[in-house]
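Peer 1: got a predicted model here, sequence first, then my questions.
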There are 2 protein chains.
Amino acid sequence: MIQNLNKHERESLHEALAKTGQKITPQREIVYTVLLAQRDHPTVDEVYHRALETMPGLSLATVYNCLETFVGCGLVRQVNHERESTRYCPNLAPHAHFRDESTGRVHDIELPKEILDQLAKILPANFETETIEISFQGRTKTSNKN
Amino acid sequence: MIQNLNKHERESLHEALAKTGQKITPQREIVYTVLLAQRDHPTVDEVYHRALETMPGLSLATVYNCLETFVGCGLVRQVNHERESTRYCPNLAPHAHFRDESTGRVHDIELPKEILDQLAKILPANFETETIEISFQGRTKTSNKN
DNA sequence: CTTGCAACTTGGAATCATTCCAACTCATTA
DNA sequence: TAATGAGTTGGAATGATTCCAAGTTGCAAG
């Protein structure tokens, strides 16, 4: 039910892992595949259950490990909302998140560079930013299928 | 060691609580006082320990309750960072947060209205925002005492 | 100033995401 | 072939937060 990684995707994975001296494993491939297959910001548990269908016996701890590894090598972003379970997102382009309160779903919002530039400017001079996170919360008006 | 609420502060508290049909209690006064006394975005536990000095016997559950109440009536904002303990902030002006990775401290960053306006514009038409959160993460260069 | 009751407080138990740990697997290197 | 080291695994541990049932209190109405 879940496609394998294509050549390009597998390469990104290899590359990102190699960069930090880490190995490709079947578990990592599957977890990464799951993330790419359905870009709905799944929780660890959701990733775990989706991955189980391809690799029964996979352990939850491993899913935690894989995702942490991916975040560490910049392949995947964490999305936190309040104290809910952490979600994961393989979209590497700069973007914000919109969380629909009524469904709990998270949508990516494209983030114009100019806004990031402006934001950088409001910081006092001695503040060095590494990451900026922007998250919206609200509702979508129509029944939206995205 | 901790000043009592002044007339104006006590009024805001009364007013905010009354608005939602809730009562003033000594516990709520103290928790609110603690928040105003030191605006360093304390965690529940920090609030708890500071409040204990004024009211020994206060329970942690009550601190959770009070803070939740304050958030509910708009008197206080929650500040979440990754999965760390939730912090609380009595600054009601629109502002972003900067988290210093090396100290864990959170600083308020004033947020120009124009940026909020621009952000509102990048959302698809059918997305209705209720809150926008912006948080920076990085380091402060100099030994900064704020 | 009393009374009545909903709202509040409290300590301890329960929850739940996440982390930790020690044993085991496996590919690679010496 | 043995040693090495990264990765995986299941179960136990952690820690913030929530839940709960019993006791207390603020305050509005009389």
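Peer 2: Noted; the coordinates are in hand.
Peer 1: now the longest strand seen in chain A and strand B:127-140, what's the angle there?
Peer 2: Identified as the longest strand of chain A according to DSSP state E is strand A:127-140. Angle of strand A:127-140 versus strand B:127-140, following axes from the mean of the first three to the mean of the last three Cα atoms, to 10 degrees, is 160 degrees.
Peer 1: for chain A, which segments count as helices?
Peer 2: A:7-19, A:26-37, A:44-54, A:60-72, A:113-121 (DSSP state H).
Peer 1: and these as JSON lines, adding mean neighbour count and distance to A:Pro94?
Peer 2: For the C-beta atoms, the positions are set from N, CA and C on the backbone; glycine is no exception. Shown next, in JSON lines, are the helices of chain A (neighbours: other Cβ atoms under 10 Å in any protein chain shown; distance: least, Cβ to Cβ, whole Å):
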{"stretch": "helix A:7-19", "mean neighbour count": "14", "distance to A:Pro94": "17"}
{"stretch": "helix A:26-37", "mean neighbour count": "20", "distance to A:Pro94": "18"}
{"stretch": "helix A:44-54", "mean neighbour count": "18", "distance to A:Pro94": "23"}
{"stretch": "helix A:60-72", "mean neighbour count": "17", "distance to A:Pro94": "16"}
{"stretch": "helix A:113-121", "mean neighbour count": "13", "distance to A:Pro94": "6"}
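Peer 1: let's have these in CSV, adding mean pLDDT.
Peer 2: Converted to CSV, these look like this (pLDDT from 0 to 100):
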stretch, mean pLDDT
helix A:7-19, 93
helix A:26-37, 98
helix A:44-54, 98
helix A:60-72, 98
helix A:113-121, 95
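Peer 1: turn the ones you listed into CSV, including distance to B:Arg87.
Peer 2: Supplementary listing: the helices of chain A in CSV, determined by distance: least, Cβ to Cβ, whole Å:
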stretch, distance to B:Arg87
helix A:7-19, 32
helix A:26-37, 30
helix A:44-54, 24
helix A:60-72, 22
helix A:113-121, 21
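Peer 1: ok, the residue of chain A most remote from its centre to B:Thr142 distance?
Peer 2: In chain A, counting by Cα atoms, centre = their mean, A:Ala125 sits farthest out from the average C-alpha position, at 30.7 Å. Here A:Ala125 is placed at a distance of 10 Å from B:Thr142 (Cβ to Cβ, to the nearest Å).
Peer 1: contacts only, for the residue nearest in space to the middle of chain A.
Peer 2: Nearest to the mean C-alpha position of chain A, counting by Cα atoms, centre = their mean, stands A:Cys89 at 1.6 Å. With contact set as Cβ atoms under 8 Å, 6 or more residues apart in numbering or on different chains, A:Cys89 has these partners: A:Leu35, A:Arg39, A:His41, A:Val76, A:Arg77, A:Gln78, A:Val79, A:His97, A:Val106, A:Asp108.
Peer 1: ignoring the adjacent residues along the chain, who's closest to it?
Peer 2: Nearest non-adjacent residue to A:Cys89, counting by Cβ to Cβ, 6 or more residues apart in numbering or on different chains: A:Arg77, 4.7 Å away.
Peer 1: so the one you found makes contact with A:Thr86?
Peer 2: No: using Cβ atoms under 8 Å, A:Arg77 is not in contact with A:Thr86, being 10.4 Å away.
Peer 1: now look at the longest strand of chain A and say if it contacts chain B.
Peer 2: Yes: contact of strand A:127-140 with chain B (Cβ under 8 Å from any Cβ of the partner chain) involves A:127-140.
Peer 1: could you pick out the residues of chain A near chain B for me?
Peer 2: Counting by Cβ under 8 Å from any Cβ, chain A sits next to chain B at A:78, A:80, A:82-83, A:86, A:96, A:98, A:101, A:107, A:109-112, A:115, A:118-119, A:122-124, A:126-142, A:144.
Peer 1: near DNA strand D, from those residues?
Peer 2: A:Arg83 (Cβ under 7 Å from any atom of the strand).
Peer 1: what about burial for the residues of chain A next to chain B, which qualify?
Peer 2: A:78, A:80, A:86, A:96, A:98, A:107, A:109, A:111, A:115, A:119, A:122-123, A:127, A:132-140 (16 or more other Cβ atoms under 10 Å in any protein chain shown).
Peer 1: how near is A:Glu11 to A:Tyr32?
Peer 2: Distance from A:Glu11 to A:Tyr32, by Cβ to Cβ: 12 Å.
Peer 1: typo on my end, it should be A:Arg10
Peer 2: Applying Cβ to Cβ, the value for A:Arg10 to A:Tyr32 is 9 Å.
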